[in-house]
Structures are given as C-alpha cells and as structure tokens.
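1. dropping a prediction and its sequence here:
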Amino acid sequence: MQYRTDKKSGNSVSVLGFGCMRFPRKGMSQIDVDKTESIVLKAVQNGINYFDTAFTYGGSEEILGQIIHKHNLRDKIFLATKLPLIQFKKYRDFNTFFNIQMDRLQTDFIDYYLLHNLSDTGLWRSLCELGIEKWIAEKKESGQIKNIGFSFHGIHNEFLQLLDAFEWDFCQIQYNYINIHYQAGMAGLKKASEKGLSVFVMEPLLGGKLANGLPPKAVKIFKSVNNALPVAWALRWLWNQPEVTVVLSGMNEDSQLEENIKIANNAAAGMLSNDENTAYESVIRLFNASCKIPCTGCNYCMPCPHRVNIPGCFAAYNVSYTVGMYAGVQQYLTSTGVNDPRINYAASKCQKCGECEKRCPQHIRIISSLEKVAGRMESFIVKFALKIIAKLKG
C-alpha cells in the first residue's frame, strides 16, 4: 500500500480509503454484517487505514463501530465521519448528534470530522450564528475531534469561498476524470492544496460508471494504450495528481477490494504517460456525448415516497445510450420491475412531489429527467412487447 502525508496533522494515510456508504447489504436495506466484517478486516490487513462513514449512511456507523471494537482496530486506522447539516435550532444540537455518533462508533475521538455536504456560504453563516465555530474549537481542544473539514457538492465559486471562510484542516470533494470542471473541480483541488489542506476524493468511479458504464468505443481507446481495466484508468488518473491525498472507494465485494488494492500498491504522482493522457481526452469526449443524466447512484434521493427506483431508472437510461438500447431496456426491466404491477418502481410512477430534488447533491432536475426516462424506456418496452405478442399470434 502507498501512503501520502496529511499536510496539517502529519498523518500517513493510505492512498486508498474505504468508503463505507456502500457496505454489502442483504437486499435493499440491511447491512450484511458478516460480509462487511470480512471485507473490512481484509482492507486493514492490506494496509488501508482510512475509513469514511456518516450519520446518514443507514447503519454504517454502528456496524463499523462494532467491527473496530471487536477486533481492536481503533489504533490501527483513521476514522472519518460526518455531522448531518439538518435544521439545527440550538447550540446543544451539535452535541446531540455528535454524541450519538461516538456511541455508534464506540470511540472517544474522531480523527477526521466533516460537516456533511456543506455546499454554500449561506449555510455556513447560519451554522456560525448557532455557534459552530465555538463548538469546533471546544471539540478540538478536548481532543474529541482531531481534524475538521467539510464535504462538498455545490458550485465552484462557493467552494472557493468556503475554503477562505474557516481554518479547515482538510476537505472532501467529488472528483474524477469526467468531473474536471464540475463542482470543486481541478481548480478547486489545486486551490485547496495551495492553502495547505489535504484533499480526500469521493466518487472516483462516478457511481461505478467509469468502471462498468463506459461506451464500448471508450474501452477500446483505453485498450489501445494498455490492457488495464477501466477502474485502473480512473484511479490512476487521480493518484497521478500530487494534490490528491486519499481516494475513497465504496468496495462491497472481495474482488473489488483486491483489484483496488493492486492498483493502489503502484500508485504514484506523475506516473501517467503522454499516450495515456491523450487517451483520457478522447474518452472524456465520448463519455460526455453519451451519458445523459449525471447521476452517481449515491441514493440520497431515496426512498421515493412513491417507490420509484430513481437511481435504477437513471442508470438504465444512461446504459441505453452508452451501451445500447437492448442492454438499457434489460437493465430497466431488472431494476424497476415495470412489467410487474406488484413491484413497479418505474419512472412513470413519479408523482412530481419534489422530495428527491431537495436531497440530490448533484442538483439533478429529477422530475423532468424521469419524464425523459419514461418516454424513452417505457415506450420502447411497450412497442417491443407488442411486437412479441404479434409474432406469437402470427
């Protein structure tokens, strides 16, 4: 495993961090404890020492805390979690959530604590009015918080202003070779590094799209340079940049863990060749032309009050363009059950309530996007079904 130095603390952190939002689950909800325990232990044994969770990650904090306590891992890892920026009304509300997290994680301090999705200066000012700066100072003074930072899903200019709004220790941004000019972007990465902050990267594979959802032509471009898998291309692009401290990956299968560790073991700044950089440029052009909805599959929009499988709808819709209509429809049928009235999670079931749009960190116009999905995917399914029926009758 390769390590990079956190600029503020001097900690030596693994270049590959474990993102705990996508722990293995049984079905759609309950975390598979045995499988999660196994993969976390393998990660630690292979040198991964940074684990990132959050209050809102549906059981993640509790399970991670249990595993850490059971196997005495606390002094072997750096633990990161996040304060949910809901409607705080009083100063004491900060402690209410923080104490719950400490209990869940079975620890008396957090190495890296983030304000979750701090995306604009207006929100920061409202938190300051409640005393967040004083609260952070108290927690750092007591040693309960070692490093303070924020995760970001807003627009570029807001990110730059937030960097100057407080004496942060680190930040966490969505960043990959498709999102070069999106949200914080490359310019934000460099600015944060110039200010002395370590930068932790989330969504390196854009919700899996850069691993399994590239257009066939894009895969051929990469293979023409070397035989590395698409996931390796995505991770190496990030580690090629010295400003990137840790890349978070939500690994929920042994094969994913093993693959990512193998890539991380050879990670180095400046490792890409001119031919490789040229290949990225070509792939970016192809991807942008084919990926219609920028959904990362983070599931913040879920659950939908009307049971629409929003991420599943968007993923299938994008596949219909990147891979082909047949593959897209096949995925749509699997993920929505549109042809089964008992489990119909299709885009056309959207009631336009808008709850999802309030929660989307990508600021996707989900309602209008679902209309596009229904128009393309369901009309095709109906036409396809009618043709099959006609053939059977004929």
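-> Sure thing, it's come through. Numbering: from 1, shown residues only.
2. which residue ranges form the strands in this protein?
-> 3-5, 12-14, 16-19, 25-26, 30-31, 50-52, 78-84, 110-116, 145-152, 170-174, 198-202, 244-249 (DSSP state E).
3. can I get these in a markdown table with mean neighbour count, mean pLDDT and distance to residue 258?
-> In this view, the C-beta of every residue, glycine as well, is placed from N, C-alpha and C. A markdown table is the format used below for these (neighbours: other C-beta atoms under 10 Å; pLDDT from 0 to 100; distance: least, C-beta to C-beta, whole Å):
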| stretch | mean neighbour count | mean pLDDT | distance to residue 258 |
| --- | --- | --- | --- |
| strand 3-5 | 16 | 97 | 19 |
| strand 12-14 | 20 | 97 | 15 |
| strand 16-19 | 27 | 96 | 12 |
| strand 25-26 | 12 | 84 | 20 |
| strand 30-31 | 15 | 88 | 21 |
| strand 50-52 | 27 | 97 | 18 |
| strand 78-84 | 23 | 96 | 22 |
| strand 110-116 | 24 | 96 | 25 |
| strand 145-152 | 22 | 96 | 27 |
| strand 170-174 | 25 | 94 | 25 |
| strand 198-202 | 25 | 96 | 21 |
| strand 244-249 | 26 | 96 | 12 |
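4. my guess is residue 133 contacts residue 166. True?
-> Yes. Contact criterion C-beta atoms under 8 Å: residue 133 and residue 166 qualify, at 7.0 Å.
5. between the two, tell me which one has more neighbours.
-> Ranked by neighbour count (other C-beta atoms under 10 Å), residue 133 and residue 166 place residue 166 first, with 18 against 14.
6. what sits against that one?
-> 124, 133 (C-beta atoms under 8 Å, 6 or more residues apart in numbering).
7. can you measure across stretch 297-306, start residue to end residue?
-> 18 Å (C-alpha to C-alpha, to the nearest Å).
8. what lies in contact with that stretch?
-> 21, 203, 207-208, 310-311, 314-315, 349-351, 353, 355-357, 359-362, 366.
9. what's the answer for stretch 37-46, then?
-> 1, 18, 24, 51, 64, 67, 70-71, 73, 76-77, 251-254, 257, 261.
10. distance of the most centrally placed residue in the chain from residue 37?
-> Against the mean C-alpha coordinate of the chain, by C-alpha atoms, centre = their mean, the closest residue is residue 203 at 3.9 Å. From residue 203 over to residue 37 the distance is 25 Å, taken as C-beta to C-beta, to the nearest Å.
11. likewise residue 379?
-> 45 Å.
12. so which of those two has more stuff around it?
-> Taking neighbours as other C-beta under 10 Å, residue 379 and residue 37 compare with residue 37 leading, 18 against 11.
13. walk me through the domains of this structure.
-> Domain assignment for the chain by automatic domain parsing gives 3-289, 310-393.
14. and those domains as JSON lines, adding distance to residue 297?
-> As requested, the domains of the chain are exported to JSON lines (distance: least, C-beta to C-beta, whole Å):
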{"stretch": "domain 3-289", "distance to residue 297": "4"}
{"stretch": "domain 310-393", "distance to residue 297": "5"}
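15. ok, of the ones you listed, where does mean pLDDT dip lowest?
-> Among those, domain 310-393 carries the lowest mean pLDDT, a mean of 80.
16. now do the helices in the stretch 151-300 of the chain.
-> Taking DSSP state H, counting those that start in this stretch as the test, the helices found in the stretch 151-300 of the chain are 156-165, 185-194, 209-212, 216-225, 230-239, 254-264, 274-290.
17. go through the ones you listed and name the closest to residue 336.
-> Closest of the helices of the stretch 151-300 of the chain to residue 336 is helix 209-212, at 18.5 Å (criterion: C-beta to C-beta).
18. got a quick ChimeraX command for the buried subset of the contacts of stretch 37-46?
-> Command for ChimeraX, covering only those of the contacts of stretch 37-46 found buried under the criterion 16 or more other C-beta atoms under 10 Å:
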select :18,24,51,64,67,73,77,251,252,257,261
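19. ok, now which ones touch the residue nearest to residue 11 when sequence neighbours are not counted?
-> Once flanking residues are discounted, residue 11 sits nearest to residue 78: 6.3 Å by C-beta to C-beta, 6 or more residues apart in numbering. The neighbours of residue 78, taking C-beta under 8 Å, 6+ apart as the test, are 11, 13, 49, 50, 51, 111, 112.
20. from residue 53, how far out is residue 78?
-> Computed with C-beta to C-beta, the distance linking residue 78 and residue 53 is 12 Å.
21. cool, and residue 334?
-> 29 Å.
22. between these two, which one's more packed in?
-> residue 53 (25 against 11).
23. hmm, residue 282 and residue 214 touching each other?
-> No. In this structure, residue 214 is not within contact of residue 282 by C-beta under 8 Å, at 11.6 Å.
24. which one of the two has more residues nearby?
-> residue 214 (23 against 15).
25. once you drop chain neighbours, what's closest to that one?
-> Closest to residue 214 by C-beta to C-beta, 6+ apart is residue 230, at 5.4 Å.
26. show me what contacts that neighbour?
-> Residue 230 touches 210, 211, 212, 214, 219, 222, counting by C-beta under 8 Å, 6+ apart.
27. which phi and psi does the residue nearest to residue 20 when sequence neighbours are not counted have?
-> Distance criterion C-beta to C-beta, 6+ apart; nearest residue to residue 20, sequence neighbours excluded, is residue 53 at 4.0 Å. When read as degrees, to the nearest 10, the backbone of residue 53 gives phi -130, psi -170.
28. quick one, what contacts residue 53?
-> Going by C-beta under 8 Å, 6+ apart, the list of residues near residue 53 reads 20, 21, 60, 61, 64, 79, 80, 81, 82, 105.
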